[in-house]
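Asks: With the input below, show me the fold.
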Amino acid sequence: METTMNNSQQKSSVLPMAIVAILFFVLGFATWLNGSLMPYLKQILQLSPFQASLILFSFYIAVTFTALPSAWVIRKVGYKSGMALGMGIMMIAGLLFIPAAKTQIFPLFLLAQLVMGTGQTLLQTAVNPYVVRLGPEESAAARVSVMGILNKGAGVIAPMVFTALILDSFKDRVGTTLTQIQIDEMANSLILPYLGMAVFIGILAFAVKKSPLPELEQEDESSEKGQIKEALAKPNLALGVVALFVYVAVEVIAGDTIGTYALTLGVENYGVMTSYTMVCMVIGYSLGIICIPRFISQPNALLISAILGVVLSFGIVFGDSESYTIANMILVPFGGAELPDTLLLIAFLGLANAIVWPAVWPLALSGMGRLTSTGSALLIMGIAGGAFGPVFWGLTSSATSLGMQGGYMVMIPCYLFILFYAVKGYKMTSWK
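Replies: Down below sits the predicted model:
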């Protein structure tokens, strides 16, 4: 009888999980599209590295001031309606790209990015609980891992789609001075893809609203009020929030600035470079699923990731941007592109970054007890690192003689802090 009930529960959760999987893919697609959009707008609008970094800042800063309001919205309208509303806001953001492209006014692009980030935050707030609560608790980690791979897998596909729909027609303009007619042509090429994305997201929002997704029971959050100070008194949690902040900073730098750096090196297919980083992240994610904790503990996995991140960062900053040794050894023999070593080292950061998020979470929440939900909310706020990391990269790029290559030195202290957390920070039970 119990087996029959379990089978019935599993079958009833298949369709909801399929819907959630689609939403995670959409989230990843819209997020990692920034890696192609950033260098494209840099070329069209002739932006400085700092100005280009604002494209990412305006997207990720939305998390900082919309995460808590999103939770309030979910409590008022429910999870399913919250998902539909989040996608509705993303649809509006897609439509905002049309006047931005027509007028080529940079603040309009930033507004569109800000609205997109707001919609994504609301959708994330609504969809994440489904992964944990639609199915047995003991298999929640496996479901989270699968959704993570879908999210990063979308990051592999998004730049390829962007390149196929938009960039392929303009490859010959890389490194050239554009006329106003050429700029208008490149800007207008954004209109149909973003209109199509807006229509698709709008249809998906309607489908989710009418779907058989079960409404999750709202949790009583009254006990969380006033507990933020108490939660931050736990060093492993407070330091974990900082670790996730600097982690998201380096993840976004590696994933979304690689195309802009490739553009300065004269790489024609700069629009697909984010895919290289995302492929490495998917490989790292898969290795984590296989190896943790069977062959390696979470703290040791985090330690290895941090060391790898430091080594790669030094290689990027002080490496020879005209050397093609890695590509000649790995890519070219298999028909791949000949790319500079420093560019490929940025992509390899995907391996270093993949394990950090899933490793920090359990270490930061260890021993939190009744403060677990409050701690989780604080950890989510660490996503704001994605807003500030690229800005510091852009400022450093403009300030150093090495240009964008030198800008990547901002990642070194970030990985060093993650290393500290892996060695000592997660073990701390008191500030004394």
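Asks: how many other residues sit next to residue 227?
Replies: Using other Cβ atoms under 10 Å, residue 227 has 15 neighbouring residues. Heads up, the C-betas are built off the backbone N, CA and C, glycines and all.
Asks: what ranges of the stretch 101-250 of the chain fall below the confidence cut-off?
Replies: Of all residues in the stretch 101-250 of the chain, those with pLDDT under 70 make up the ranges 129, 132-142, 144-145, 168-176, 216-226.
Asks: same question, the stretch 251-400 of the chain
Replies: For the stretch 251-400 of the chain, the stretches with pLDDT under 70 are 335, 370-374, 377.
Asks: any chance you could map the helices in it?
Replies: All helices of the stretch 251-400 of the chain, identified by DSSP state H, counting those that start in this stretch, fall at 258-264, 273-291, 298-318, 325-330, 341-354, 356-365, 372-380, 385-399.
Asks: So what touches the third one?
Replies: Contacts with helix 298-318, where a contact means Cβ atoms under 8 Å, 6 or more residues apart in numbering, come from 250, 288, 291-292, 296, 341-342, 345-346, 348-349, 351-356, 358-360, 362-363, 402, 405-406, 408-409, 411-412, 414-416, 418-419, 421-423, 426.
Asks: what inclination does that helix have with respect to helix 273-291?
Replies: 160 degrees (axes from the mean of the first three to the mean of the last three Cα atoms, to 10 degrees).
Asks: which parts of helix 298-318 are buried?
Replies: Buried residues in helix 298-318, defined by neighbour count with 16 or more other Cβ atoms under 10 Å: 298-299, 301-310, 312-317.
Asks: Any chance you could give me it in CSV, C-alpha atoms only?
Replies: In CSV, the C-alpha atoms belonging to helix 298-318 read as follows (Å, rounded to 0.1, in the frame of the first residue of the first chain):
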residue,chain,number,x,y,z
GLN,A,298,32.4,19.5,0.8
PRO,A,299,35.1,21.6,2.6
ASN,A,300,37.9,19.9,0.6
ALA,A,301,36.0,20.5,-2.6
LEU,A,302,35.6,24.2,-1.7
LEU,A,303,39.4,24.3,-0.8
ILE,A,304,40.4,22.9,-4.2
SER,A,305,38.0,25.3,-6.0
ALA,A,306,39.5,28.3,-4.2
ILE,A,307,43.1,27.3,-4.9
LEU,A,308,42.3,26.6,-8.6
GLY,A,309,40.6,30.0,-8.8
VAL,A,310,43.7,31.8,-7.4
VAL,A,311,46.1,30.0,-9.7
LEU,A,312,43.9,30.7,-12.8
SER,A,313,43.5,34.3,-11.8
PHE,A,314,47.2,34.8,-11.6
GLY,A,315,47.6,33.1,-15.0
ILE,A,316,45.0,35.4,-16.6
VAL,A,317,46.5,38.6,-15.2
PHE,A,318,50.2,37.9,-15.8
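Asks: could you give the mean pLDDT of the helix or strand hosting residue 41?
Replies: Residue 41 is part of helix 34-45, with elements assigned from DSSP states H and E. Mean pLDDT, helix 34-45: 86.
Asks: helices and strands around the helix or strand following it, which ones?
Replies: Later in the chain than helix 34-45, the nearest helix or strand by DSSP H and E is helix 49-77. If contacts are counted by 3 or more Cβ pairs under 8 Å, 6 or more residues apart in numbering; DSSP states H and E, helix 49-77 sits against helix 34-45, helix 79-103, helix 106-133, helix 235-256, helix 372-380, helix 385-399.
Asks: Provide the angle between the direction of helix 49-77 and the direction of helix 106-133.
Replies: Between helix 49-77 and helix 106-133, the angle comes out at 50 degrees (the same axes, to 10 degrees).
Asks: buried ones in helix 49-77?
Replies: Burial within helix 49-77, assessed by neighbour count using 16+ other Cβ under 10 Å, is assigned to 49-63, 66-67, 70-71, 73-74.
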